[in-house]
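Q: This is the structure alone, sequence omitted:
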Ligand SMILES: [Zn+2]
């Protein structure tokens, strides 16, 4: 998955062996399973532009949208209009950003 390389470079997730690279790619792919390529691209842009902020809560983040809008967001919930309406099924790029972020931080 091409996105895996991008995530790895954004976070500086260095790998030494082929097995480590495969493991990393698998974790990244699992994190954004069900999200579209477009959403993953937008999520990567959020991360690259440092538009994801930690909060006082472990699993909640503030994601700053492309228009400067702020949304409180977790891996499976988001307060953006789609998130409010569809919950986890919204699969908005804000959630994708949180998932990529937490996956990279756990590495
Ligand atoms: Zn959202």
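A: Perfect, thanks for sending it. Only a predicted model underlies this, so the values are computations on that prediction, with no experimental measurement involved.

Q: how close does the residue of the chain positioned farthest from its centre sit to the ion?
A: No residue in the chain sits farther from the centre than residue 17, which is 24.3 Å out by CA atoms, centre = their mean. In this view, residue 17 and the ion are 36 Å apart by CB to the ion, to the nearest Å. All C-beta spots, glycine's among them, are computed from the backbone N, C-alpha and C.

Q: Show me where the chain has its strands.
A: Here the chain has its strands, by DSSP state E, at 52-54, 61-64, 70-74, 77-78.

Q: ranking the ones you listed by burial, who's on top?
A: strand 77-78 (a mean of 22; mean count of other CB atoms under 10 Å).

Q: quick one: the helices in this protein?
A: Under the criterion DSSP state H, the chain carries helices at the ranges 2-11, 18-31, 37-48, 81-86, 93-106.

Q: Tell me the pLDDT of residue 13.
A: For residue 13, the pLDDT comes out at 74.
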